[in-house]
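1. no letters, just coordinates:
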């Protein structure tokens, strides 16, 4: 009697990772013994191996989830299932936007491994933006990414059996709990893991005691927890986007889940708004600052415009929903999505300023008093967005507010 | 080598059903050979066996799902998984309202069988109401049922891991599709399965062409499809409730799923409203009619009042949501739930009047012209509720409208 021995999970190293890659026939036989392996991850959540042929210079990435997360020195267990979610989300996204995500070559849920296209010629968008780079295709790419992944996963397009199957498949309790806590809960209460300079205490106290604000946040949080509208990336900030000239690649969808349609685009816009604020300190001279800030606001406007137009075109061509042809149904959905996105963006701006996980855009401002000034401004903007979400009907009202912040 | 033979599904009959019941030790050994079996189901969706001891008169019900549904003469396949959903929902409901549901003695998902408490001394509420009976505990029982099952299954109480596990467990695609079609879609379009007298065609045409109305229905339908707020019974009309004097039992939760909090209570209220209308024809004399109609409106008011008070008490005592103590968060949730319930009730009233599945309350009105008159009135009421859902803030405004209809 033969017994099939199943592999068990073990963290890979620079030798064992080759056992995963070699059988894939990605590298020619002649190259298999001349592969150069580097571990390039930050070691907090995942191992990331870059494997390159010394001969052809072809390369792949092997990403393996670790069974724990390290944050602020502490380590807590974290599901390996996020590797399955990530690879399945990448594959699902590639069905509608293959040019905007890294290609998956192989995945193994036991080893919590995804082998994918090497994008190390790209840079992380956040870094590029802080350095003052401009990416002309960014807005249309992210607007397209968010609109297509949303529409094709929604009840407007999928048969309800398929939709409900996808909702179960992308049920992502552990990573959603991180968002629930870090984005929607902790920053709004006096929780130890919040992280802000003592000089902001009075501004933070105002937030913690603003009942009108907290009521709105509670509503946004409930929407995050309950509204399974579309498959989301779940963490679409500028650290989850690789860019190189005209190429945009959305990476790391381990937070993917079914949630409210405005969520992804909100996080992207919020992070552009934070970069916009921080350029007052980063940009080296006024003309460049003005160019950059104009670009950032145009990118926000064009992202939403692309989302709206792409979603509308798909709706008109492909919606299976019997109400799709009724006047106003699409507009109603887009308006609610837009307004809720404004609220989500406000939460993201606040949590990136006073919560556990910050953004380099603000934190790398060299002078302390300048950093404090723009962090206060960020908090004011975040509060304004959350409180006024349902008053906004046009994206230029939003960019006016960001410009005026 | 021994092989475990698993039973496969087969429809039970009056003999084989005893193989399910006898091992349960519900009946004493002395009774086992003196059991009287009757099949009492309507044969459309399920077999229902009543098994009684000739000696002690103790009895149980064995309900078995059939692998098809018969509606208007046609037969289509229907998942047996609904038997699992039904028994698991009954058991889950019994955790918070054990006195309001039949006790489950045994269930078997392979045979699609649930063995439960015999309630044949009760009558179906719809029948009792049509006959002019009054049930003083009905409002507080149904308000309590809906509030407790909602609160204890919600994100306000459950840990998000447990909540998300329950959402998957009660994913109910096939039965939700029936509701999606019969309640939220077909009655609003010219679909063959709709069923209404030709004399109503002009009123129906007005509905089919009322863009403002259809926009609202599209929104309610989307909410039904996407908002996983609480575990619902899913079909809480007056045909799913057994009554006897002060005893209320909610039965048949095979449509159970996670959905918007206002859904169950909406269906209950809508069916009381339809009975209220129909009493203009059924009640034998004016004084009795007035008594009955006053009772029905008071029941609607008291059901919502009980829901609100019960939910509020649970929230204050047991909510784990960190925003639960913020002023206005509960009130905001209850207001949205109430307003959406008004909209859902409007859909239920319309679909019970012109859709595939009617209610005896209206259909059993003896005189054709009287029936037509009250069906037109029902349609007007349904449309009014859907269009004005967000204008209502108080249950007495609703009962005023029903009274005035």
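-> Now that the structure is in, tell me what you want to look at. Being a predicted model, the structure only gives us computed values, none of them experimental.

2. quick one: whichever residue of the stretch 251-400 of chain A sits closest to chain B and residue A:184, what's the gap?
-> Closest contact between the stretch 251-400 of chain A and chain B, by C-beta to the nearest C-beta, is at residue A:323 (3.8 Å). For glycine as for every other residue, the C-beta is placed from the backbone atoms N, C-alpha and C. According to C-beta to C-beta, to the nearest Å, residue A:323 stands 31 Å off from residue A:184.

3. thinking again about what came up before, quick one: contacts for the residue of the stretch 251-400 of chain A closest to chain B?
-> Going by C-beta atoms under 8 Å, 6 or more residues apart in numbering or on different chains, residue A:323 touches A:329, B:185, B:188, B:214, B:217, B:218, B:221.

4. doesn't residue B:188 make contact with the fourth one?
-> Yes. If you go by C-beta atoms under 8 Å, residue B:214 and residue B:188 touch, sitting 6.0 Å apart.

5. next, count neighbours for residue A:59.
-> 19 (other C-beta atoms under 10 Å in any protein chain shown).

6. please apply the same query to residue A:109.
-> Neighbours of residue A:109 under the rule other C-beta under 10 Å: 16.

7. hmm, it is touching residue A:85, no?
-> No. Using C-beta under 8 Å, residue A:109 is not in contact with residue A:85; the gap is 9.7 Å.

8. quick one: what helix or strand has the residue of the stretch 101-250 of chain A found nearest chain B in it?
-> As assessed by C-beta to the nearest C-beta, chain B sits closest to residue A:218 within the stretch 101-250 of chain A, at 3.8 Å. Using DSSP states H and E, residue A:218 maps to helix A:211-226.

9. and that helix with helix B:211-226, angle?
-> Put simply, helix A:211-226 runs at 70 degrees to helix B:211-226, going by axes from the mean of the first three to the mean of the last three C-alpha atoms, to 10 degrees.

10. pull out the buried positions in helix A:211-226.
-> For helix A:211-226, a neighbour-count test (16 or more other C-beta atoms under 10 Å in any protein chain shown) marks A:213-226 as buried.

11. tell me which other helices or strands the helix or strand following that helix touches.
-> Next along the chain after helix A:211-226, taking DSSP H and E as the criterion, comes strand A:230-232. Packing partners of strand A:230-232 (3 or more C-beta pairs under 8 Å, 6 or more residues apart in numbering or on different chains; DSSP states H and E): helix A:138-153, strand A:257-259.

12. switch these over to TSV; also include mean pLDDT and distance to chain B.
-> Output for those, formatted as TSV (pLDDT from 0 to 100; distance: least, C-beta to the nearest C-beta, whole Å):
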stretch	mean pLDDT	distance to chain B
helix A:138-153	98	11
strand A:257-259	98	8
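
13. could the ones you listed go into JSON lines alongside mean neighbour count?
-> Compiled in JSON lines, these are given as follows (neighbours: other C-beta atoms under 10 Å in any protein chain shown):
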{"stretch": "helix A:138-153", "mean neighbour count": "24"}
{"stretch": "strand A:257-259", "mean neighbour count": "25"}
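
14. now the helices for the stretch 301-405 of chain A?
-> Shown for the stretch 301-405 of chain A, the helices assigned by DSSP state H, counting those that start in this stretch span residues A:329-354, A:360-363, A:368-388, A:395-404.

15. list the buried residues in the second one.
-> Residues of helix A:360-363 classed as buried by neighbour count (16+ other C-beta under 10 Å): A:360, A:361, A:362.

16. and which of those residues is nearest residue A:196?
-> residue A:362 (10.6 Å; C-beta to C-beta).

17. looking at the spatially closest residue to that closest one that is not a sequence neighbour now. What's its pLDDT?
-> Of all residues not flanking residue A:362 in the chain, residue A:278 sits nearest, at 5.4 Å (C-beta to C-beta, 6 or more residues apart in numbering or on different chains). pLDDT recorded at residue A:278 is 96.

18. which residues touch residue A:278?
-> Residues in contact with residue A:278 (C-beta under 8 Å, 6+ apart) are A:130, A:361, A:362, A:364, A:365, A:374.

19. list the contacts of the residue nearest the centre of chain A.
-> For chain A, the residue nearest the mean C-alpha position is residue A:236 (1.5 Å; C-alpha atoms, centre = their mean). By C-beta under 8 Å, 6+ apart, residue A:236 lies in contact with A:142, A:146, A:250, A:264, A:265, A:267, A:268.

20. for those residues, give me CSV that also has distance to residue A:333 and secondary structure.
-> Shown next, in CSV, are the contacts of residue A:236 (distance: C-beta to C-beta, whole Å; DSSP: H, G, I helix; E, B strand; the rest coil):
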residue, distance to residue A:333, secondary structure
A:142, 20, helix
A:146, 14, helix
A:250, 23, strand
A:264, 15, helix
A:265, 14, helix
A:267, 20, helix
A:268, 19, helix
